[in-house]
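Colleague: The following block contains a protein sequence and its predicted model.
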Number of protein chains: 2
Amino acid sequence: MSVEPLPNIDRSTLRERVLKALRSAITSGAYRPGDHLGEVELAGRLGVSRGTVREALRHLQQEGLVTAGNRGMLRVNVLSAEEIRGLFRVRAALEGLAVREIVARPDRPAAVAALRAAVEDLAAAGEDFAAKVEADLGFHVRLCELSGNPMLVESWRHLEGRIRVTIMNRDPEEAPAMMTSGRHAPIIDAVERGDLEGAIAVVEEHMAAAADHFTGTSAH
Amino acid sequence: MSVEPLPNIDRSTLRERVLKALRSAITSGAYRPGDHLGEVELAGRLGVSRGTVREALRHLQQEGLVTAGNRGMLRVNVLSAEEIRGLFRVRAALEGLAVREIVARPDRPAAVAALRAAVEDLAAAGEDFAAKVEADLGFHVRLCELSGNPMLVESWRHLEGRIRVTIMNRDPEEAPAMMTSGRHAPIIDAVERGDLEGAIAVVEEHMAAAADHFTGTSAH
DNA sequence: GGCAGGTAGTCTGTCGACAGTCGGAGGGAG
DNA sequence: CTCCCTCCGACTGTCGACAGACTACCTGCC
């Protein structure tokens, strides 16, 4: 008798699946920033109870993807230019810590190799916008993961929602010159040769450029 | 006719009040790390519905105060020594960014004065342990707020729950030599004289010492 | 005495319903 | 024509209940 063909039982809870679906719907641009997210409409569309989507929405609210408007109504979050600049400064501090810890690690070469693989994914994304976004954020998450500091990853992920709405609010309608392998390679190079100051400088410059890019002319 | 005597209508939702109550109960030590938090018990004790405490618990879970154990049961989070070290490294990066932005601000003297007031609160706390904790965390949160970067405050607050359980898991039963005004003054001094490198060094040293303190010998 | 099977208990997951509140449309008085 | 009052619709806040799942214990058989 074969036990092979039934390995994939989805043990995830309904709330988790709804959470994923909503997050994906927002970050993919199906809901534009500022759009109202009604519990009843979402519940009906997803075929689940209101309480379930409610919990998912609350989770998304804490992630910063949605924000509470008038009378507790939730809508897709939209960040001001000032918030975007602050957001990328925090990112610079977090990812600066990441390179710092990677440089200090004994297995630095392995981390460098993993990062090189991540930028290759970015290059392989080609012109697919969604794939490029995923690969770019994947690289930066990987940077945090390779630091070996789970709390750092946790903090970075806490910003991920806001990062995604920022990207989605601007880039879909123009050429994204921001996410290219050429912009990430210098970070790896500096890490590889143990140049801590240089690596941090590159990261901060990278983040400053991104902040300028996303605040340049806000798209309507 | 007087309109004065009725200004304070509490418009907070029941979930928010339950959230506050639970957070306070955990951070005050009423529930020890590892304790099981049952929805039914809490709902009965607070006199509210299960769904309400459920949402509050989910919020606390994202804050890191509680963590999911076996079969989705939630218990008060307990951090490993490695997690604590990572946590305080992230704090150092965040608060390092804070001093950096404060030093760069034109209203630096006002920020310095506000920080001085915060350490005075700490000194005024005397030997009251809970008050000292509040004053200490108040100082650090103030540091983030004075940076003028709301996203930085947001990121710091995301760590606050874990910080509090870490403090509560160790300090209640021994002399807390960690939170004293003498340890915070050097930060302000360095900020006041515009010594960015020095201020960051003090912050990192402060955080490293705290990490050592809280991982020294885990209390049982 | 040990083990397999059943069985009660308890916890969370999910749902549907009721109530309160806010905003707007519509009608009537001035 | 304008302003105010009233009613209606929509949305969220909160609740109680049902169902599924896992644990621990207890019993009967070998």
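Modeller: Received it, and whenever you're ready, just let me know what you need.
Colleague: Chain A against chain B: which residues are in contact?
Modeller: Listed as neighbours of chain B in chain A under the rule C-beta under 8 Å from any C-beta of the partner chain: A:13, A:51, A:54-55, A:58-59, A:62, A:64, A:72, A:83, A:86-87, A:89-90, A:92-94, A:96-97, A:101, A:149-152, A:154-155, A:158-159, A:162. Placement of C-beta: from N, CA and C, glycine included.
Colleague: Keep only those of those that are in helices.
Modeller: A:51, A:54-55, A:58-59, A:62, A:83, A:86-87, A:89-90, A:92-94, A:96-97, A:101, A:150-152, A:154-155, A:158-159, A:162 (DSSP state H).
Colleague: Generate a PyMOL selection restricted to the buried entries among those.
Modeller: Filtering those down to the buried ones (16 or more other C-beta atoms under 10 Å in any protein chain shown) takes a single PyMOL command:
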select buried, chain A and resi 54+55+58+59+62+83+86+87+89+90+92+93+94+96+97+101+151+152+154+155+158+159+162
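Colleague: can you narrow the ones in helices among the residues of chain A next to chain B to ones near DNA strand D?
Modeller: For DNA strand D, the contacts drawn from these by C-beta under 7 Å from any atom of the strand are A:Gly51, A:Arg54.
Colleague: Please tell me how far the one residue sitting closest to the centre of chain A sits from DNA strand D.
Modeller: With the centre of chain A defined as its mean C-alpha position, the nearest residue by C-alpha atoms, centre = their mean is A:Glu160, 3.7 Å away. Look at A:Glu160 and DNA strand D: by C-beta to the nearest atom of the strand, to the nearest Å, they are 24 Å apart.
Colleague: and what of A:Glu134?
Modeller: Taken as C-beta to the nearest atom of the strand, the span from A:Glu134 to DNA strand D is 29 Å.
Colleague: cool, A:Ala114 as well?
Modeller: From A:Ala114 to DNA strand D the distance is 35 Å (C-beta to the nearest atom of the strand).
Colleague: What's the per-residue pLDDT of that residue here?
Modeller: pLDDT, A:Ala114: 94.
Colleague: Would you mind confirming that it makes contact with A:Leu146?
Modeller: Yes: the pair A:Ala114 / A:Leu146 is scored as a contact, 6.0 Å apart, by C-beta atoms under 8 Å.
Colleague: So which of these two has more stuff around it?
Modeller: A:Leu146 (23 against 17; other C-beta atoms under 10 Å in any protein chain shown).
Colleague: Once you drop chain neighbours, what's closest to that one?
Modeller: Of all residues not flanking A:Leu146 in the chain, A:Ala111 sits nearest, at 4.3 Å (C-beta to C-beta, 6 or more residues apart in numbering or on different chains).
Colleague: Could you do A:Ala124 as well?
Modeller: Here the residue nearest A:Ala124, using C-beta to C-beta, 6+ apart, is A:Ala135, at 7.6 Å.
Colleague: Quick check: phi and psi on that neighbour?
Modeller: phi -70, psi -40 (degrees, to the nearest 10).
Colleague: mind checking how far it is from chain B?
Modeller: 24 Å (C-beta to the nearest C-beta, to the nearest Å).
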